[in-house]
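*Asks:* coords below, sequence missing:
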DNA sequence: ATAATGTCTTTTATCGGGAAAAAACATTTG
DNA sequence: CAAATGTTTTTTCCCGATAAAAGACATTAT
């Protein structure tokens, strides 16, 4: 067993949803772009759809025969990338406590525990290392640096530097730049979410990421844009495990975002700076309060 | 053939140099820390030294019998890490021209060309990706973004942001911090180099890196410190292939460094800012002039 | 009894192989 | 003849295996 066919399974599931909408499927290349996979995978999908009686397939004609039932879908967990599986396991371990700074990370043990090959774990750790939470000892183990207060402070320091600069660049963008339309629709989404915050507060984190990424992109600097991956990763797991006052926090954040958006639209650099700093400050505080007090640091 | 013994060979070569200095070698653990390898490797080294008649080895006594001759050493090229070999090959290709932005990078082809396994090439590309020069297409090839003017500008923008902040942090460090001694000795090295610049100008790049790393470390921010790896990498190859006016450029840089050091020692934030910006500006210009004019960008 | 040496075990670094997925090429169809 | 389908080749992703290197344990020497 060398490679799981999760790409196929995931695309198949997404393909099933198309069947509800039409009576006949488009051409193979079109389906490929639609699902983001190669034609090879498209054909494997079509073959199975034919086999399970979902469609009749003959060359160009792909007629829908019936609507997909729940058990036509592949189970969710089979559609995950190995990288996602490893990341989740690793983060669970890291956040489950007992992950003291200075602790060694063992590739072989991790691989055995997760049930994957060492190569995948190694590749994951290399990719993960840019988040600044682990460090490699040459020819030897990795060292966990720990999700500490210091880490959060270093992270937010850069974040603030980058975002303040990006926000200024954003406000300076010409009126005809497409970003203003993007900002308008994000503003609408924020207003909608604000009005239904009591029930939909958990949808904020996704909106948050899209909003900040839009701003960072205005920097036109790949290092700034890429750095948002670090922030997004941290906030993603942070949101997952710190549910205290989630509704209140998100409610505050939404209103800060709206003020921030208004400032950007005013194109007044002073106002942008104030609104941006205010939001970043409260984001930092949220993150900091969720981190347990300084523990003794091993070795 | 699964793993080359370059660690052993490199440590062996370094070990040979110890033989000139003493008549008997220290204990195995001591040698281990001295050479930065495990005792296992130390014992392999000692075994060979005994075999080739360099030492007499009996338990704790390791008496030097003769001085090492040139052909006792392993050839330089056998002491390189696979990662170094791959990086060199890759950079040579990248800088040899014909490496247009948008070009695809093929893991298999690279591996075959360099004569290594695909795993090593993959790991290299993942590590290398943080330099912002290549980008991965999921389940598909890597894309070269090219060593362009835009890249250099984005890189220097961050560098300047980070270094100005670090320099300010440096100047604010308490008098009893050990960095001031480090700065003093770097200053001495600069003066020495300045006085012998006509013959030793090519030693500047190494000094340059140590100087800037010292400053960046004052930020106490891992992201800032780590970012210097990107700068160091770029400048390393930049120095290698752009030899135009190397002596003049380095002469100017040394004097800028000395002014910068003086500013730091004055602990006057205004002066530090001026000296730092001045040097960074000329560093940026040097880098920019070495980049060929904008070429047509593929796709 | 501490620190070294001797021996054994575990982990890392790297390769080759094989299934999944992409990509390239050849053929057909509207 | 352009765009689709059919077929073949290439590449990516991932595993298991193995030598190098690290690390752990046992024994000996000062």
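*Replies:* Sure, I can see it. A quick note: this is a predicted structure, and the numbers were derived from the prediction, not measured.

*Asks:* Do a quick rundown of the helices in the stretch 1-150 of chain A.
*Replies:* Using DSSP state H, counting those that start in this stretch, the helices of the stretch 1-150 of chain A run over residues A:6-19, A:28-35, A:39-51, A:82-95, A:107-114, A:118-128, A:149-171.

*Asks:* Include distance to residue A:57, mean pLDDT and mean neighbour count when you put these into JSON lines, please.
*Replies:* Backbone N, C-alpha and C define where each C-beta goes, glycine included. Shown next, in JSON lines, are those (distance: least, Cβ to Cβ, whole Å; pLDDT from 0 to 100; neighbours: other Cβ atoms under 10 Å in any protein chain shown):
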{"stretch": "helix A:6-19", "distance to residue A:57": "13", "mean pLDDT": "98", "mean neighbour count": "19"}
{"stretch": "helix A:28-35", "distance to residue A:57": "10", "mean pLDDT": "98", "mean neighbour count": "15"}
{"stretch": "helix A:39-51", "distance to residue A:57": "4", "mean pLDDT": "98", "mean neighbour count": "17"}
{"stretch": "helix A:82-95", "distance to residue A:57": "31", "mean pLDDT": "94", "mean neighbour count": "16"}
{"stretch": "helix A:107-114", "distance to residue A:57": "38", "mean pLDDT": "97", "mean neighbour count": "15"}
{"stretch": "helix A:118-128", "distance to residue A:57": "35", "mean pLDDT": "98", "mean neighbour count": "18"}
{"stretch": "helix A:149-171", "distance to residue A:57": "48", "mean pLDDT": "98", "mean neighbour count": "20"}
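
*Asks:* Output the ones you listed in TSV; the columns should cover distance to residue B:287.
*Replies:* As requested, the helices of the stretch 1-150 of chain A are exported to TSV (distance: least, Cβ to Cβ, whole Å):
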stretch	distance to residue B:287
helix A:6-19	41
helix A:28-35	39
helix A:39-51	43
helix A:82-95	34
helix A:107-114	37
helix A:118-128	28
helix A:149-171	21
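
*Asks:* So which of those helices is nearest residue A:272?
*Replies:* Judged by Cβ to Cβ, the one of those that comes nearest to residue A:272 is helix A:149-171, at 4.8 Å.

*Asks:* Can you name the next helix or strand after that closest one?
*Replies:* Downstream of helix A:149-171, the first helix or strand assigned by DSSP states H and E is helix A:179-195.

*Asks:* Give me the three-state assignment for the nearest residue to residue A:156 once chain neighbours are set aside.
*Replies:* Excluding its sequence neighbours, the residue lying closest to residue A:156 (Cβ to Cβ, 6 or more residues apart in numbering or on different chains) is residue A:284, at 4.4 Å. Secondary structure state of residue A:284, per DSSP: H, G, I helix; E, B strand; the rest coil, is helix.

*Asks:* Double-check residue A:249 against residue A:286; I have them as touching.
*Replies:* Yes. Counting by Cβ atoms under 8 Å, residue A:286 is a contact partner of residue A:249 at 5.7 Å.

*Asks:* about what we covered before: okay, now the residue nearest to residue A:156: neighbour count?
*Replies:* Residues lying near residue A:284 (other Cβ atoms under 10 Å in any protein chain shown) number 17.

*Asks:* Now name the helix or strand holding residue A:240.
*Replies:* Using DSSP H and E, residue A:240 maps to helix A:222-241.

*Asks:* Now do that helix: distance to the chain's middle.
*Replies:* 8 Å (Cα atoms, centre = their mean, to the nearest Å).

*Asks:* which residues touch residue A:89?
*Replies:* Neighbour list for residue A:89: A:110, A:113, A:114 [criterion: Cβ atoms under 8 Å, 6 or more residues apart in numbering or on different chains].

*Asks:* check whether stretch A:7-17 contacts chain B.
*Replies:* Yes. Counting by Cβ under 8 Å from any Cβ of the partner chain, contacts between stretch A:7-17 and chain B involve residue A:7.

*Asks:* What parts of chain A come near DNA strand D?
*Replies:* A:1-4, A:27-30, A:39-40, A:43, A:59-60, A:62, A:81-83, A:116-120, A:123, A:137, A:139-141 (Cβ under 7 Å from any atom of the strand).

*Asks:* Could you give the average pLDDT over the helix holding residue A:240?
*Replies:* The average of the pLDDT scores along helix A:222-241 is 93.

*Asks:* Going by neighbour count, which residues in it are buried?
*Replies:* By 16 or more other Cβ atoms under 10 Å in any protein chain shown, the buried positions in helix A:222-241 come out as A:222-225, A:227-228, A:230-231, A:233-235, A:237-239.

*Asks:* contacting residues around it?
*Replies:* Helix A:222-241 has contacts (Cβ under 8 Å, 6+ apart) with A:91, A:95, A:130-132, A:152, A:155, A:158-159, A:162, A:165-166, A:205, A:208-209, A:212-213, A:216-217, A:219, A:246, A:287, A:290, B:130, B:132, B:145, B:151, B:154-155, B:158, B:223, B:227, B:230.

*Asks:* Can you get me a residue count around residue A:38?
*Replies:* Residue A:38 - counted by other Cβ under 10 Å - has 16 other residues nearby.

*Asks:* got a list of what it touches?
*Replies:* residue A:32.

*Asks:* what residues does the stretch 1-150 of chain A put near chain B?
*Replies:* Near chain B, when you scan the stretch 1-150 of chain A using Cβ under 8 Å from any Cβ, you find A:7, A:119, A:122, A:123, A:126, A:127, A:130, A:132, A:139, A:145.

*Asks:* How many residues are close by the last one?
*Replies:* Yep, that's residue A:145 we're talking about. Residue A:145 sits with 18 neighbouring residues when counted by other Cβ under 10 Å.

*Asks:* Correct me if wrong: it contacts residue A:151.
*Replies:* Yes. Counting by Cβ under 8 Å, residue A:151 is a contact partner of residue A:145 at 7.0 Å.

*Asks:* what's the overlap in contacts for those two?
*Replies:* The contact sets of residue A:145 and residue A:151 overlap at A:132, A:133, B:222 (Cβ under 8 Å, 6+ apart).

*Asks:* Report the separation between the second one and DNA strand C.
*Replies:* Taken as Cβ to the nearest atom of the strand, to the nearest Å, the spacing of residue A:133 relative to DNA strand C amounts to 16 Å.

*Asks:* With the first one instead?
*Replies:* Computed as Cβ to the nearest atom of the strand, the residue A:132 to DNA strand C distance reads 19 Å.

*Asks:* do you know how far the closest residue in space to that residue that isn't next to it in sequence is from residue A:151?
*Replies:* Leaving aside its sequence neighbours, residue A:132 sits nearest to residue B:222 (Cβ to Cβ, 6+ apart; 4.7 Å). Distance from residue B:222 to residue A:151, counting by Cβ to Cβ, to the nearest Å: 8 Å.

*Asks:* Mutual contacts of those two, please.
*Replies:* Common neighbours of residue B:222 and residue A:151 (criterion: Cβ under 8 Å, 6+ apart): A:132, A:145.

*Asks:* Farthest from the middle of chain A: give me that residue.
*Replies:* Most distant residue from the mean C-alpha position of chain A: residue A:58, 39.1 Å away (Cα atoms, centre = their mean).

*Asks:* Report the beta-bridge partners for that one.
*Replies:* For residue A:58, the beta-bridge partners are residue A:61 (DSSP bridges).

*Asks:* and residue A:93, what does it touch?
*Replies:* Neighbour list for residue A:93: residue A:99 [criterion: Cβ under 8 Å, 6+ apart].

*Asks:* ok, now how distant is it from residue A:258?
*Replies:* Here residue A:93 is placed at a distance of 38 Å from residue A:258 (Cβ to Cβ).

*Asks:* Good, wrapping up.
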